[in-house]
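Chemist: Quick one, what's the 3D model for this:
(chains A and B)
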Amino acid sequence: MIEARSLTKRYGAKAAVTDLSFTVRPGVVTGFLGPNGAGKSTTMRMILGLDRPTSGTVTVNGADYAAHSAPLHEVGALLEAKAIHTGRTAYNHLLALAATTGIPRSRVDEVIDLVGLREVARKRAGGFSLGMGQRLGIASALLGDPDTLILDEPVNGLDPEGILWIRNLLKDLAAEGRTVFVSSHLMSEMALTAEHLIVIGQGRLIADTSVAEFISRASSGSVKVRSPQAAELRELLAGPDVTVSSADEGTLTVEGLSSDRIGVIAAENRITLFELAPKEASLEEAFMELTGDAVEYRAPGQKPGAGAGSPTGTGAAGTAAQTDTDVEVTA
Amino acid sequence: MTAVAEPAGPARGAARRPHPGKVTQTRVLTSEWIKFRSLRSSYWSLLVGCGAMIGLGLLFSMVITSKWDTMSPLRRRDFDAITVPLRGYFLGQLAVGVLGVMVVTGEYSTGMIRASLSAVPKRLPVLWAKATVFAVAVWLTTTATAFVCFFIGQGFFSGKHIQADLSTPGALRVVIGTGLYLTVVGLLGVGLGTVIRSTAGAIAALFATLLVLPVLGEVLNFTSWGDKVNPYLPSNAGQALLAVHTEASGQMRPWPGFALFAGYAVAVLAVAAYLLKRRDA
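Modeler: Here you go, the predicted model:
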């Protein structure tokens, strides 16, 4: 359990995190989402007592991180890939961390096997790839068999197999009743891993909600229909609360009717359908929708929220219907 | 999802064993010892430092022995059989100082410090443990090296019957003092490394203090300030322990001088502790 209350961090005049309050609960994977520079890493460093909050508090399992007598057993953290002395072997790195709290060598061997680094454990970490560094970081996070895990961008640099592995690992750890807090700027990754989301932009809380809710909030509920008898179908679908638009001949975008209903209508009228697809906004789109204003670093000329339509307000409907992304979510 | 070879499941099998492990100063000491002995730079620095001491001691002793017969009486009077073989400490302090700095800044430059401080969030035990492990390792190796240098030198000098031995007044103090002086130089490096956090910056500050200050101090010798300041500069004070005769040269007395030098190191370490505790990692 991680509880942040009015957490604020300023570096000089620049605010990195402002009045951030949230609770990360055990038993589910909680995603910590935000564009680069949103304050995710700063927040995580404050949780671990590495950075001192300007004001506000954050506790882990009910106490300041630094107040725990056996911190590695309370919280395991991966803050950045390769936060490892480059001249030291993976094995000795873990052994040194384990020694601070009396964790036996056998546990060091165990976590090395767990993350699949057995073959390179006696090699110096300076030669590790980013992916291997991530695995070593995850090994050190798991050393103390902690109740709470904090991982900053853990899939960075991992190959697809590694990504799948970490996704399952995180879910399993959460299923064991642990608190799992994972940051990412990759919405698609979070959609597959997390159940709950804490979204921040420019250091402020934007959303604290379940993934399903987050997506449905941004979903249009429109249905894409492709048919050789599109014109005919269009007339059959017409109704008081139904809008049908057509981008090109043979394709309809229907709002106000479920895909089930459209399928039934088509069948009753012996209309051939090539495609019948309910559109849900991807997490990516939902995210852009919410954080369009909160992106800190943007190339000049790039429209806010580019790729997902307008930055604010104008509604997800148009946005979601127009965009076909490869990261669609079926929640 | 396709089945992909996974490196075993999570810690489920080893389910939730109780971990009584509190962080203690002793455990942090063990941890820092593992860190120290698992870096090649530790061995290299000590090897280079001690090698330079022995090499230079050998060179000085050899040259003086071979030239002894033709040496002027004035030069002969300046000769000191105790200090000549140990003069390599001057080079040794570079290696030891750099190692002291790197023990700390190596963690900052690689990001390791975040792992260290999240494992020991009270932070100060890490600094004390680093300083202790480093000091013991350096003290043992440099003291042993000082004895080796001393006996090598006397081996050469005995050919001309100009040798000293450990019972010669001041001899044991200078030999033991060489290891002590170098250890404090290293600790000054540990302190400056923690304060400055960058390798280059801390090394520059360390050698500015040890080597440049005394040179600047020489300017003061043209004024009445010279005697009031120069003996108390860190390296001048510390090196009083390495001189046989301090009365004539205007240096501090050996042990008070060394105590002052150690005091400087303690002061820097105190500032380091304050900043380590207070600053964001």
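Chemist: C-alpha from now on. contacts and neighbour counts both.
Modeler: Will do.
Chemist: which SS state does the most centrally placed residue in chain A fall under?
Modeler: Chain A has A:Met190 as the residue nearest its centroid, 2.9 Å off, counting by Cα atoms, centre = their mean. In three-state terms, and counting by DSSP: H, G, I helix; E, B strand; the rest coil, A:Met190 is helix.
Chemist: next one: A:Arg5
Modeler: A:Arg5 ends up strand, using three-state DSSP.
Chemist: My understanding was that it contacts A:Thr18; is that so?
Modeler: No: contact between A:Arg5 and A:Thr18 fails when scored by Cα atoms under 8 Å: they sit 10.6 Å apart.
Chemist: Specify which residue of those two has the higher count of neighbours.
Modeler: Under the criterion of other Cα atoms under 10 Å in any protein chain shown, the comparison of A:Arg5 against A:Thr18 puts A:Thr18 first, with 19 against 15.
Chemist: Where does pLDDT dip in chain B?
Modeler: Where chain B drops to pLDDT under 70, the residues are B:1-20, B:248.
Chemist: Let's see that with 90 instead.
Modeler: By pLDDT under 90, the weakly predicted segments of chain B are B:1-21, B:77-78, B:218-228, B:245-251, B:281.
Chemist: residue boundaries of the strands in it?
Modeler: Assigned by DSSP state E, the strands in chain B number zero.
Chemist: Quick one: the helices in chain A, in order.
Modeler: Ranges of helices within chain A are A:40-47, A:71-74, A:90-99, A:105-114, A:130-142, A:160-175, A:187-193, A:211-218, A:230-237, A:259-268, A:283-291, A:316-322, based on DSSP state H.
Chemist: for the stretch 151-281 of chain B, that is, sorry about that
Modeler: Applying DSSP state H, counting those that start in this stretch to the stretch 151-281 of chain B gives helices spanning B:171-196, B:199-207, B:213-220, B:226-229, B:234-239, B:254-278.
Chemist: Of the ones you listed, give the one that comes closest to B:Ser45.
Modeler: Relative to B:Ser45, the nearest member of the helices of the stretch 151-281 of chain B by Cα to Cα is helix B:171-196, separated by 11.3 Å.
Chemist: Who are the packing partners of that closest one?
Modeler: helix B:89-110, helix B:124-157, helix B:199-207, helix B:254-278 (3 or more Cα pairs under 8 Å, 6 or more residues apart in numbering or on different chains; DSSP states H and E).
Chemist: burial measure for the closest residue in space to B:Phe90 that isn't next to it in sequence, as a count.
Modeler: Closest residue in space to B:Phe90, ignoring its immediate chain neighbours: B:Met53 at 7.9 Å, by Cα to Cα, 6 or more residues apart in numbering or on different chains. Look at B:Met53: counted by other Cα under 10 Å, it has 26 neighbours.
Chemist: thinking B:Met53 is in contact with B:Gln93, fair?
Modeler: No: using Cα under 8 Å, B:Met53 makes no contact with B:Gln93, being 9.2 Å away.
Chemist: how about the residues of the stretch 101-250 of chain A near chain B?
Modeler: The stretch 101-250 of chain A has residues A:101-103, A:113-116, A:144-145, A:161, A:165, A:169, A:172-173, A:176 near chain B, with proximity defined as Cα under 8 Å from any Cα of the partner chain.
Chemist: Poorly predicted segments of the stretch 1-150 of chain A, please.
Modeler: If you take pLDDT under 90 as the line, the stretch 1-150 of chain A has these spans: A:12-14, A:33-38, A:79-84, A:129-131.
Chemist: let's see it at 70
Modeler: For the stretch 1-150 of chain A, counting by pLDDT under 70, the residues that fall below are A:81.
Chemist: show me the contacts for the residue nearest the centre of chain B.
Modeler: What sits nearest the mean C-alpha location of chain B, by Cα atoms, centre = their mean, is B:Gly186, with 2.7 Å. Taking Cα atoms under 8 Å, 6 or more residues apart in numbering or on different chains, we find B:Gly186 in contact with B:93, B:96-101, B:134-135, B:138.
Chemist: any idea how far B:Phe134 is from it?
Modeler: Applying Cα to Cα, to the nearest Å, the value for B:Gly186 to B:Phe134 is 8 Å.
Chemist: Could you tell me which residues touch both of those two?
Modeler: B:Gly100.
Chemist: any idea how far B:Phe261 is from chain A?
Modeler: 31 Å (Cα to the nearest Cα, to the nearest Å).
Chemist: Now render the helices and strands packed on helix B:171-196 as JSON lines, adding mean neighbour count.
Modeler: Converted to JSON lines, those look like this (neighbours: other Cα atoms under 10 Å in any protein chain shown):
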{"stretch": "helix B:89-110", "mean neighbour count": "24"}
{"stretch": "helix B:124-157", "mean neighbour count": "21"}
{"stretch": "helix B:199-207", "mean neighbour count": "19"}
{"stretch": "helix B:254-278", "mean neighbour count": "18"}
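Chemist: got the ones you listed as TSV, with distance to A:Ile198 columns?
Modeler: TSV is the format used below for those (distance: least, Cα to Cα, whole Å):
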stretch	distance to A:Ile198
helix B:89-110	30
helix B:124-157	34
helix B:199-207	38
helix B:254-278	29
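Chemist: Could you find the closest non-adjacent residue to B:Ser45?
Modeler: Nearest non-adjacent residue to B:Ser45 (Cα to Cα, 6+ apart): B:Ala95, at 5.4 Å.
Chemist: can you check B:Val229 too?
Modeler: Nearest non-adjacent residue to B:Val229 (Cα to Cα, 6+ apart): B:Gly217, at 7.5 Å.
Chemist: what sits against that neighbour?
Modeler: B:226, B:229-230.
Chemist: Which residue is the nearest non-sequential neighbour of the residue in the stretch 151-281 of chain B that chain A sits nearest to?
Modeler: Of all residues in the stretch 151-281 of chain B, B:Asp280 sits closest to chain A, at 4.4 Å by Cα to the nearest Cα. Leaving aside its chain neighbours, B:Asp280 sits nearest to A:Asp51 (4.4 Å; criterion: Cα to Cα, 6+ apart).
Chemist: Might one say that that neighbour is in contact with B:Leu276?
Modeler: No: using Cα under 8 Å, A:Asp51 is not in contact with B:Leu276, being 11.5 Å away.
Chemist: Not counting stretch A:178-194 itself, show me its contacts.
Modeler: A:1-2, A:24-36, A:40, A:146-154, A:167-168, A:170-171, A:173-174, A:211, A:282-284, A:287, A:327-329.
Chemist: and these, which are buried?
Modeler: A:1-2, A:24-35, A:40, A:146-154, A:167-168, A:170-171, A:173-174, A:211, A:282-284, A:287, A:327-329 (16 or more other Cα atoms under 10 Å in any protein chain shown).
Chemist: Show me those residues that map onto strands.
Modeler: Reading strands off the buried ones among the contacts of stretch A:178-194 with DSSP E, I get A:2, A:24, A:29-33, A:148-152.
Chemist: Spell out which parts of the stretch 101-250 of chain B neighbour chain A.
Modeler: B:106-107, B:110-122.
Chemist: Just the ones of those residues in helices?
Modeler: B:106-107, B:110, B:112-119.
Chemist: ok, and the most crowded of the residues you listed?
Modeler: The residue in those with the most neighbours, by other Cα under 10 Å, is B:Ala119 (29 neighbours).
Chemist: which residues does that one contact?
Modeler: So B:Ala119 contacts A:71-72, A:97, A:100 (Cα under 8 Å, 6+ apart).
Chemist: same question, B:Val219
Modeler: B:Gly226.
Chemist: circling back: out of the helices of chain A, which comes closest to B:Ala208?
Modeler: Per Cα to Cα, nearest to B:Ala208 of these: helix A:90-99, 33.4 Å.
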